[in-house]
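**Q** Model the structure of this input:
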Amino acid sequence: MLKRALSLLYVQVLIAIVIGILLGAFYPQTGAAMKPLGDAFVKLIKLVIAPVVFLTIVHGISSVREASSVGRVGLKAIVYFEVVSTFALVIGLVVAKVFQTGSGFNIDPAALDSKVIQGFVNQAQRDSVVAHLMAIIPDTFFGAFVNGDLLQVLFLAVITGFAINALPDRLREPTVKVLDTMAAIFFGVVKIVVMAAPIGAFGAMAFTIGAYGVRSLANLAELVATFYITSFLFVVVVLGAIARFCGFSIFRFINYIREELLIVLGTSSSESVLPQLMRKMERLGASPKVVGLTVPLGYSFNLDGTNIYMTLATMFLAYATNTELTLTQELTILLVAMLTSKGASGVTGAGFITLAATLSVIPDIPIAALAVLIGIDKFMSECRALTNLIGNGVACVAVSRWEGELNKEKLDKVLHAKHSDVATV
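**A** The predicted structure is shown next:
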């Protein structure tokens with residue numbers, strides 16, 4: 001029994017996380033030195049993300065004779081993302097106002113070192129939504145793969161898929177078979193890379209605890225606790241309601257993707273499991289066409305955890321710096337956050353950069369106050385990534401049901417299986 005349990009990937013990852021926490025807590029310097037292990041694992045995953053996304057989307061579009069259905073799926077996905085993401089932003093804002101998280105800190109921004117956050121501000125300016133939209137078209141076809149820009153890869157995949165779709169059957173059908181074979185090869189690479197997940201999770205967690213320490217949570221425990229509780233309630237109540245409407249339990253779904261959640265917990269990056277999530281959604285009964293569009297698109301447009309964090313943290317800084325905001329200013333925060341949250345990737349630190357982008361266009365809240373969040377952002381990013389991952393999984397199933405291409409019988413069978421690890425990539 002024990003031997004079988006230890007052979008499961010999620011058990012290995014869980015053990016690695018515990019060992020990493022202990023190493024970082026008792027031997028901080030050694031724990032901090034483990035950072036390259038976590039970074040290397042994330043780099044290995046990112047190595048195959050672009051080709052997996054490209055091949056999956058191209059295969060999905062080129063396999064559908066009615067090209068208009070692809071546009072319909074994309075539109076439905078965008079509508080779903082906007083509604084749920086906006087709801088997440090509102091929840092973060094309302095929770096912050098109700099509990100007035102940050103009140104009593106009396107932070108003087110003038111006493112903070114603004115140089116600490118200047119790098120994030122510069123990055124936020126470079127990654128503004130306008131700049132991101134302007135850069136969706138790569139300089140060269142292969143440039144998108146070299147840079148690893150997911151939106152550029154998505155753009156290329158869509159136009160390539162439509163181009164193949166327009167070919168006569170004598171050319172289209174063999175091309176689709178080649179794409180299917182290439183996708184299988186890259187998913188095989190992913191399967192090999194994921195075997196190193198325990199090492200990556202160990203290194204990332206040991207570094208986090210070793211570099212920042214558990215004590216770094218103490219000073220801002222209220223914000224951290226509020227964010228974690230809010231995210232948990234969002235998953236259980238909001239995403240749970242959507243899941244129930246689609247005919248499944250959110251808790252069974254979380255159990256189904258437990259391995260991916262543990263990997264994300266260790267690496268603080270939802271991108272580290274993107275290929276596995278896509279394959280698992282297909283095995284859950286979601287249409288491959290819907291999976292190929294909604295999951296990659298969701299990594300840029302459906303970041304529920306990041307949205308909750310943005311409005312909650314923004315209001316926290318307002319209260320902490322005794323900045324009075326009018327209703328109009330609060331609505332402005334919502335509108336700005338709706339824009340700046342688009343294009344934020346699922347990698348570690350993206351949420352903090354996006355927050356900096358939001359504050360940079362709201363002069364009422366001193367942007368120098370961001371410095372107080374740097375010490376705990378690594379802990380916040382884990383919750384952001386976990387919430388984003390669950391949100392994208394639920395979105396994929398919801399859009400599949402909306403499109404009428406969800407295999408309900410398969411969904412029930414997989415989620416009610418005694419050992420859902422058989423569906424692991």
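
**Q** And the lengthiest helix in the chain, what's buried?
**A** Once the chain is assigned using DSSP state H, the helix that runs over the most residues is helix 67-99. For helix 67-99, the neighbour count (16 or more other C-beta atoms under 10 Å) marks 70, 73-74, 76-78, 80-81, 84-86, 88-89, 91-93, 95-96, 99 as buried. The way it works is simple: take the backbone N, C-alpha and C, and place the C-beta from them, glycine included.

**Q** repeat for stretch 230-246
**A** Buried residues in stretch 230-246 (16+ other C-beta under 10 Å): 230-231, 234-235, 238-240, 242-243, 246.

**Q** The stretch 1-150 of the chain: strands as residue ranges?
**A** Taking DSSP state E, counting those that start in this stretch, the stretch 1-150 of the chain contains no strands at all.

**Q** In it, where is pLDDT below threshold?
**A** 1-2, 5, 10, 63-70, 105, 107-135, 150 (pLDDT under 70).

**Q** Kindly report the same for the stretch 151-300 of the chain.
**A** In the stretch 151-300 of the chain (pLDDT under 70), the answer is 212-220.

**Q** Go again with 90.
**A** Along the stretch 151-300 of the chain, the model assigns pLDDT under 90 to residues 151-225, 259-260, 262-276, 278-279, 287-300.

**Q** Dump the buried residues of stretch 230-246 to a markdown table, plus secondary structure.
**A** Converted to a markdown table, the buried residues of stretch 230-246 look like this (DSSP: H, G, I helix; E, B strand; the rest coil):
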| residue | secondary structure |
| --- | --- |
| T230 | helix |
| S231 | helix |
| F234 | helix |
| V235 | helix |
| V238 | helix |
| L239 | helix |
| G240 | helix |
| I242 | helix |
| A243 | helix |
| C246 | helix |
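
**Q** Show me which of the residues you listed is closest to R170.
**A** Nearest to R170 among these is C246, at 39.4 Å by C-beta to C-beta.

**Q** Which residue, other than its chain neighbours, is closest to that closest one?
**A** R401 (4.8 Å; C-beta to C-beta, 6 or more residues apart in numbering).

**Q** Contacts only, for G210.
**A** 23-25, 27-34 (C-beta atoms under 8 Å, 6 or more residues apart in numbering).

**Q** 10 Å - rerun?
**A** Shown in contact with G210 (C-beta atoms under 10 Å, 6 or more residues apart in numbering): 20-21, 23-35.

**Q** out of those, which are inside helices?
**A** Per DSSP H, the contacts of G210 map to helices at 20-21, 23-26, 28-32, 35.
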